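A.B. asks: Dropping the sequence and predicted coords here.
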Amino acid sequence: MEKLSIFKRLRLFKDYKILIKRNKQLITDKTNGLNLRIDRVGRIYTVFSCPADVRQYGSELAEKYIKEYIGKVDVLFVKTNLSEYVGIREITQIEGDELDFLIIFGFKGFNTAKYYQNLMLSLFFTIASISAYLFFFY
């Protein structure tokens, strides 16, 4: 997606949001064992806990479990037609426990959290500018 124009990326992001909304029930279903959640900016995330025996074998085994889990999530993304839109945004180890990892999936085209932050800032400054203009010149 690196060579696409910003307008094409925004159109693909709109399609991504529509697919997320349409398949929200299937994605966040607790019975599938994936424990996925969707945040306000369209990212899909989960906290993945490795089994207890991973502690004695080290991080290589944890990496294997994470890859296996991502494979299961990818099957869900293929089923919901999201596989072309979604990529892994971040995998971080949660402080305090070496067996828990935060896995964030998101839109491949751009960072949606930064997009929404910039959108809100632009909206705020536009409203503030219009308000100041109306206050001082009317």
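C.D. replies: Structure received.

A.B. asks: Least confident secondary structure element in this protein?
C.D. replies: Of all helical and strand segments in the chain, the minimum by mean pLDDT, DSSP states H and E falls on helix 54-57, at a mean of 78.

A.B. asks: roughly how far is the following helix or strand past that helix from the heart of the chain?
C.D. replies: Using DSSP states H and E, the helix or strand that follows helix 54-57 towards the C-terminus is helix 59-79. Distance of helix 59-79 from its chain centroid, counting by Cα atoms, centre = their mean, to the nearest Å, is 16 Å.

A.B. asks: same deal with stretch 70-83?
C.D. replies: With Cα atoms, centre = their mean, you get 14 Å for stretch 70-83.

A.B. asks: list the buried ones in that stretch?
C.D. replies: Within stretch 70-83, the residues that count as buried by 16 or more other Cβ atoms under 10 Å are Ile70, Val73, Leu76, Phe77, Thr80, Leu82. In short, each C-beta sits where N, CA and C put it, glycine included.

A.B. asks: Stretch 92-112 too?
C.D. replies: So for stretch 92-112, counting by 16+ other Cβ under 10 Å, buried means Leu99, Phe101, Ile103, Phe105, Gly106, Phe107, Lys108, Gly109, Phe110, Thr112.

A.B. asks: Using CSV, write out the CA atom coordinates for it.
C.D. replies: Listed next in CSV are the C-alpha coordinates belonging to stretch 92-112 (Å, rounded to 0.1, in the frame of the first residue of the first chain):
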residue,chain,number,x,y,z
THR,A,92,4.3,-5.4,23.0
GLN,A,93,5.0,-7.3,26.2
ILE,A,94,2.8,-6.1,29.1
GLU,A,95,4.9,-4.8,32.0
GLY,A,96,4.7,-6.9,35.1
ASP,A,97,4.1,-10.2,33.4
GLU,A,98,6.4,-11.8,30.9
LEU,A,99,3.6,-14.1,29.6
ASP,A,100,1.1,-11.4,28.5
PHE,A,101,1.4,-9.6,25.2
LEU,A,102,-0.7,-6.8,23.7
ILE,A,103,-1.3,-7.5,20.0
ILE,A,104,-2.8,-4.7,17.9
PHE,A,105,-4.0,-5.2,14.3
GLY,A,106,-4.9,-2.2,12.2
PHE,A,107,-5.4,-0.7,8.8
LYS,A,108,-2.3,-1.2,6.6
GLY,A,109,-2.6,2.1,4.7
PHE,A,110,-1.7,4.5,7.6
ASN,A,111,-1.7,4.8,11.3
THR,A,112,-5.4,5.3,12.1
